[in-house]
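Participant: Have a look at this prediction, sequence included:
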Amino acid sequence: MISITIDDFEIFTKPNISILEACKHAGINIPRFCYHETLSVAGNCRMCLVEIENGEKPVASCVTEIEEGMIILTSTPFVKKARENVVETLLLSHPLDCPICDQAGECDLQDQTKIFGSTQSRYFFKKNTAEDKYFGPLIKTIMTRCISCTRCVRYSTEIAGEDFFGTLNRGGSTEIGSYTPKFFSSEISGNVIDLCPVGALTSQPYAFKGRPWELRVSESIDFTDSLGSNIYVSYKETEIVRILPKINKKVNENIISDKARFNYDANHINRVENLFFLTKNKQFKKSNWKNTLSNLESILNKNTSFIINHKTDIDTMYYLKYLNNLYPEKFQVYRAENNNRKTNLYLNTQINISSAIDAISDSVLFLSSNPKIENAVLNSKIRFKAKNETIDIYSFGINHDYNYAINFISFNFSNLTNNLEGKLATYNTNFYNSANPLIVIGDSFLNRVNDIHVFKNFINNIFTKNCCILLSYNLNENSLDSLNIKPLNKKMKNDTNVFSQLNETIDLKKLIHFNKANNSVWHNAHGSNLGLQATMIIPSPTIYENKQILLNLEDRPQKTEKIFYNNKEAKNLRNILRSTLKIQNYKGNFNVFNHEMSNNIQKYDSLLKNTNKKLIKQLNNSITKLYTIAKKYPFFIKNKNFYCSDTFTKNSEILTNCFNEIFKNHKNILINQPLYLFTEPAHLSRRIS
């Protein structure tokens, strides 16, 4: 610790940090434009000027390191005049279009001009202009507002891993652009909108939709991947107009994926707005809740199967499991996606993803995983770690573009087992000597192992210091494991099938075709072709319209709030069943996670500390069954489309435009067809396995 003086206050701080960081730790705000905590230091805006005692001129605080006994002055008339000159210089060519700028009310330049700017202008010449650039359907550009802070340039290179932005010319003629008009195809490209301190880069879908003071804001979580990033949902009346990231350093820090940021328009597109039942003439007719509940009461008293997936919240899963245990011959519960996750996940220790990535010493192993598509935020964290430190990254399965350098191993599963057992010398020396390796098991790897948790325990027995992550593709997938919801039985015969919030897949189509029940209930928020084959259609609320608890990939329980009522007829499955079946002695909700909020980190940390490690060790030692390889499935990523991965995102016009932008030059892609048709067939992948 060294001692410095800031504005007549003596403070102690750690060495080798900048003056701006020392002032931030002391609670003193220094204005800035180019500086950002997650990016490298550029020092080109000169807004953060401060005065050092006995110094000849003010210095940029973001690039000047502190020294022992340094006396820093941040609010002298000399400093204020210097900042006033900087603001005046930035406004020389800046257009006066704040009334029509989407950044107005949240603009850093507006705030600094209000504090340090002059009341009059001395510039009477023609302002310099710049041509607007094309960056795709997500980012709107008005480059005459750009102040050349280069935040977008550094973000695309350092965080996104795409050398998309760059600078052209020098001095007052400097322009930011991509050199050629093209789509910024990074999965986290939308974060440059938040980084831009002025209105040069704004959200294209949000353009002219509203002002910040007109919007109401609610907290929620991202459901498009398994990380569960924290977000702010801004809405006007019953329409969501934008989604912004909420800072949570233990989950997503301050970034979110484009799929999380721009999926909100699907909340009012192709929605099921009314109750329908199939008449004897094979035509659908509108109904009301009184008739629907009476019909449900008659058909649910027979042999009934509930087919659910990860979109079902924990409270509903718990209630369905309660019905299954109370009346096992009458009610059955199945999970729609049939994968090899058989063991209760709560037998494994809980981990924190951010801590695990920070603890990586020198090695990372991806087992048939593509985090760039499956979890873009997690992939950016690993890239940031690999960029700043020397880390060997290995990939097994299929070679992907990770936005950073990797060592591809092989397609053969036997080579993997030989590597894990240390039979290959090259791989053994580079990976087994690692102090804290990170092993990421992809979702597509589940099809090659009969029980993924047994395989995970096998790895834990080999690597005692490793951190093994099962990277689920969907949020709340671990809830199905925690309650032991059994996989779908394709040969089931029931009088009634209830399909709740499912995605249209080939397996589900086969199930409905070959197992036609007397009555089938389609409970979903969006319309689909499979819904037309049911005898009853019931609208369900989306995640923005429902209060629920979900688990992310690290077993972190996160709570969403009901933001508004977009569809008054939409009801949660748990509420429908409780009103229909009227089961006695039901004690209510799943109280274990009732008070756990997305921003309540303390309770989650207590869960980590109180984990019964002794019991877990005994259970792991008692597993004598060796994992067996299922040769039925080749290695391939089941979903290569990042933007449209489920029913909700496929109904998003914004994300569909992004998908069309990528494949617009591919003549063999039918853009106007449903996007789920483009899953790679198994026989095509088998050729390269």
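Facilitator: Yep, it's here. Numbering: from 1, shown residues only.

Participant: So, low pLDDT: which residues of the stretch 201-350 of the chain?
Facilitator: Residues of the stretch 201-350 of the chain meeting the criterion pLDDT under 70: 338-350.

Participant: so where do the helices sit in it?
Facilitator: Under the criterion DSSP state H, counting those that start in this stretch, helices of the stretch 201-350 of the chain are mapped to 258-261, 289-299, 314-326.

Participant: Buried deepest among these, which one?
Facilitator: Among the helices of the stretch 201-350 of the chain, ranked by average contacts under mean count of other Cβ atoms under 10 Å, first place goes to helix 258-261 (a mean of 26). All C-beta atoms are positioned from the backbone trio N, CA, C, and that covers glycine.

Participant: Can you report how many residues neighbour residue 307?
Facilitator: 24 (other Cβ atoms under 10 Å).

Participant: what does residue 650 give?
Facilitator: Residue 650: 22 neighbours (other Cβ under 10 Å).

Participant: mind checking how far it is from residue 266?
Facilitator: 8 Å (Cβ to Cβ, to the nearest Å).

Participant: same thing with residue 242?
Facilitator: On the measure of Cβ to Cβ, residue 242 and residue 266 end up 14 Å apart.

Participant: which ones are touching the nearest residue to residue 287 once chain neighbours are set aside?
Facilitator: In this structure, residue 287 finds its nearest non-sequential neighbour in residue 275, 4.3 Å apart by Cβ to Cβ, 6 or more residues apart in numbering. Taking Cβ atoms under 8 Å, 6 or more residues apart in numbering, we find residue 275 in contact with 286-289, 292, 536-539, 569.

Participant: Which parts of the stretch 51-200 of the chain are strands?
Facilitator: Along the stretch 51-200 of the chain, counting by DSSP state E, counting those that start in this stretch, strands occupy 59-60, 71-73, 139-141, 166-168, 175-177.

Participant: and residue 408, which of those is closest to it?
Facilitator: Using Cβ to Cβ as the measure, strand 166-168 is the one of the strands of the stretch 51-200 of the chain that comes nearest residue 408, at 29.4 Å.

Participant: and that closest one, which strands flank it?
Facilitator: Take DSSP bridges as the rule and strand 166-168 pairs in its sheet with strand 175-177 (antiparallel).

Participant: which outside residues touch the strand it pairs with?
Facilitator: So strand 175-177 is contacted by 130, 133, 143, 146, 148, 150, 152-153, 165-169, 200 (Cβ under 8 Å, 6+ apart).

Participant: Next, count neighbours for residue 489.
Facilitator: Neighbour count of residue 489, defined by other Cβ under 10 Å: 15.

Participant: go on, residue 281?
Facilitator: Residue 281: 6 surrounding residues under other Cβ under 10 Å.

Participant: what about it, distance to residue 305?
Facilitator: When distance is defined by Cβ to Cβ, residue 281 is 27 Å away from residue 305.

Participant: Kindly check the end-to-end length of stretch 649-657 for me.
Facilitator: Chord length of stretch 649-657, first to last residue, is 11 Å (Cα to Cα, to the nearest Å).

Participant: Now it: buried residues?
Facilitator: 649-652, 654-657 (16 or more other Cβ atoms under 10 Å).

Participant: cool, and stretch 163-182?
Facilitator: Going by neighbour count (16+ other Cβ under 10 Å), the buried part of stretch 163-182 is 164-165, 176-178.

Participant: CSV for the strands of the stretch 51-200 of the chain, including mean pLDDT and distance to residue 14?
Facilitator: Below are the strands of the stretch 51-200 of the chain laid out as CSV (pLDDT from 0 to 100; distance: least, Cβ to Cβ, whole Å):
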stretch, mean pLDDT, distance to residue 14
strand 59-60, 92, 20
strand 71-73, 91, 16
strand 139-141, 94, 38
strand 166-168, 89, 33
strand 175-177, 89, 34
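
Participant: Let me have these in a markdown table, adding distance to residue 213 as columns.
Facilitator: Supplementary listing: the strands of the stretch 51-200 of the chain in a markdown table, determined by distance: least, Cβ to Cβ, whole Å:
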| stretch | distance to residue 213 |
| --- | --- |
| strand 59-60 | 33 |
| strand 71-73 | 36 |
| strand 139-141 | 21 |
| strand 166-168 | 34 |
| strand 175-177 | 29 |
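
Participant: Now for residue 56: which residues touch it?
Facilitator: Here residue 56 is in contact with no residues (criterion: Cβ under 8 Å, 6+ apart).

Participant: Could you measure from it over to residue 78?
Facilitator: In terms of Cβ to Cβ, residue 56 sits 11 Å off from residue 78.

Participant: For the stretch 451-600 of the chain, just list every one of the helices.
Facilitator: 452-462, 477-482, 506-514, 573-581.

Participant: Which secondary structure elements does the third one sit against?
Facilitator: Judged by 3 or more Cβ pairs under 8 Å, 6 or more residues apart in numbering; DSSP states H and E, helix 506-514 is in contact with strand 496-500.

Participant: One more: the second one?
Facilitator: Contact analysis of helix 477-482 by 3+ Cβ pairs under 8 Å, 6+ apart lists helix 314-326, strand 548-551 as its packing neighbours.

Participant: among these, which is nearest residue 394?
Facilitator: strand 548-551 (28.7 Å).

Participant: Name every strand pairing with the closest one and say which way it goes.
Facilitator: For strand 548-551, the pairing partners within the sheet under DSSP bridges are strand 557-560 (antiparallel).

Participant: Tell me the buried residues in the partner strand?
Facilitator: Neighbour counts using 16+ other Cβ under 10 Å place 557-560 of strand 557-560 among the buried residues.

Participant: now swap in stretch 487-503 and tell me
Facilitator: With burial defined by 16+ other Cβ under 10 Å, the residues of stretch 487-503 counted as buried are 488, 494, 496-503.
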